[in-house]
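J.: My questions are about this predicted structure, shown below with the sequence.
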Amino acid sequence: MLFLRRPSDERLQQILEDQQARPFPYPSVGATATGEVPDGYHHDRFETNLAPDRFDAAREALRAWAPQRGAGIRVYPGDPVAADQAFVLVLPLPGPGCAVAPGRVVYVIDEPDRFGFAYGTLPAHPAWGEEAFMVTRSGGRVRFQVVAFSRPHDPLARLGGPLARAVQVRTIRSYLRSMEAAT
C-alpha cells in the first residue's frame with residue numbers, strides 16, 4: 001500500500017486489524033529457519049560481525065526492532081518482538097510518501113547463544129516472502145545475519161523491477177549498519 005503522506009495511527013490500526021488474521025500469502029512459511037527457501041523468489045543472505053562482548057545488547061536491540069528503526073522504518077504498534085505478533089511497517093519513500101507493509105512474526109528463537117526471529121509478509125504487503133534476523137555468539141564472535149526470500153507483489157513494486165530490488169538490498173544493508181550502531 002502506498003500513501004502520499006504518512007497514515008495516522010488510526011489508519012495503521014485499521015490496516016493491522018484487517019491483515020493480522022489473514023494467512024501468509026507465500027509458500028514454505030518458516031523456510032528461513034530450515035534454509036529450504038522456495039524457488040521463484042529473490043534469495044538474500046547478509047551478515048556482519050558485531051563487537052564480541054555485545055551479545056546481550058544485540059539481543060535486546062533486535063527484540064526492539066533496532067534494524068528496522070535504524071533504517072528509518074516505523075514499526076506500528078512498536079511492541080517488542082513476540083511470536084505470532086502482527087505489525088505494520090511504514091517505509092519512507094522519496095518525498096512525503098511512504099509504503100505500508102503489514103507482517104506477522106513467524107517464529108522467535110531465544111537460546112543462550114542465539115536470538116532471532118522471522119516475519120512473514122501479509123497479503124497487503126508490497127512484496128511476499130519472509131525475512132529472518134539472527135544474532136549468534138560462537139567462539140568469541142558475535143554475528144548478525146539477515147536471511148530472506150521475497151518477490152514483488154504490488155503492481156508498482158513489480159513495475160519498479162530492478163529499482164525496487166535495489167531499494168530492498170539497500171534496506172537490508174541498512175539493517176546491518178543499524179545493528180552495528182546499536183551494539
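T.: Arrived safely, thanks for sending.

J.: The residue lying closest to residue 30 once chain neighbours are set aside - how many residues pack around it?
T.: Among residues not flanking residue 30 along the chain, residue 106 sits closest, at 5.5 Å (Cβ to Cβ, 6 or more residues apart in numbering). Backbone N, C-alpha and C define where each C-beta goes, glycine included. By the criterion of other Cβ atoms under 10 Å, residue 106 has 20 neighbours.

J.: Now do the contacts for residue 106.
T.: By Cβ atoms under 8 Å, 6 or more residues apart in numbering, residue 106 lies in contact with 24, 29-30, 32, 117-120, 130.

J.: Show me what the helix or strand harbouring residue 88 is packed up against.
T.: In this assignment (DSSP states H and E), residue 88 forms part of strand 86-92. For strand 86-92, the helices and strands in contact under the criterion 3 or more Cβ pairs under 8 Å, 6 or more residues apart in numbering; DSSP states H and E are helix 9-19, strand 74-76, strand 98-111.

J.: now stretch 107-116: mean pLDDT?
T.: The average pLDDT for stretch 107-116 rounds to 97.

J.: Check which residues of that stretch are buried.
T.: Judged by neighbour count using 16 or more other Cβ atoms under 10 Å, the buried positions of stretch 107-116 are 107, 115-116.

J.: export it as PDB, just CAs?
T.: Only the C-alpha atoms of stretch 107-116 are listed here, as PDB (Å, rounded to 0.1, in the frame of the first residue of the first chain):
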ATOM      1  CA  TYR A 107       9.000 -17.700  14.800                       C
ATOM      2  CA  VAL A 108      11.200 -16.500  17.600                       C
ATOM      3  CA  ILE A 109      14.400 -18.300  18.700                       C
ATOM      4  CA  ASP A 110      15.600 -17.400  22.200                       C
ATOM      5  CA  GLU A 111      18.600 -19.500  23.300                       C
ATOM      6  CA  PRO A 112      21.700 -18.700  25.400                       C
ATOM      7  CA  ASP A 113      23.900 -18.100  22.300                       C
ATOM      8  CA  ARG A 114      21.300 -17.400  19.600                       C
ATOM      9  CA  PHE A 115      18.400 -14.900  19.400                       C
ATOM     10  CA  GLY A 116      16.300 -14.000  16.400                       C
END
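
J.: got the contact list for it?
T.: Under Cβ under 8 Å, 6+ apart, the answer for stretch 107-116 is 30, 33, 55, 58-59, 62-63, 81-83, 117-118, 132-138, 145.

J.: Quick check: which ranges of the chain have low pLDDT?
T.: 154-166 (pLDDT under 70).

J.: any idea which residue sits dead centre in the protein?
T.: Residue closest to the average C-alpha location in the chain (Cα atoms, centre = their mean): residue 131, at 5.2 Å.

J.: With that, I have no additional questions.
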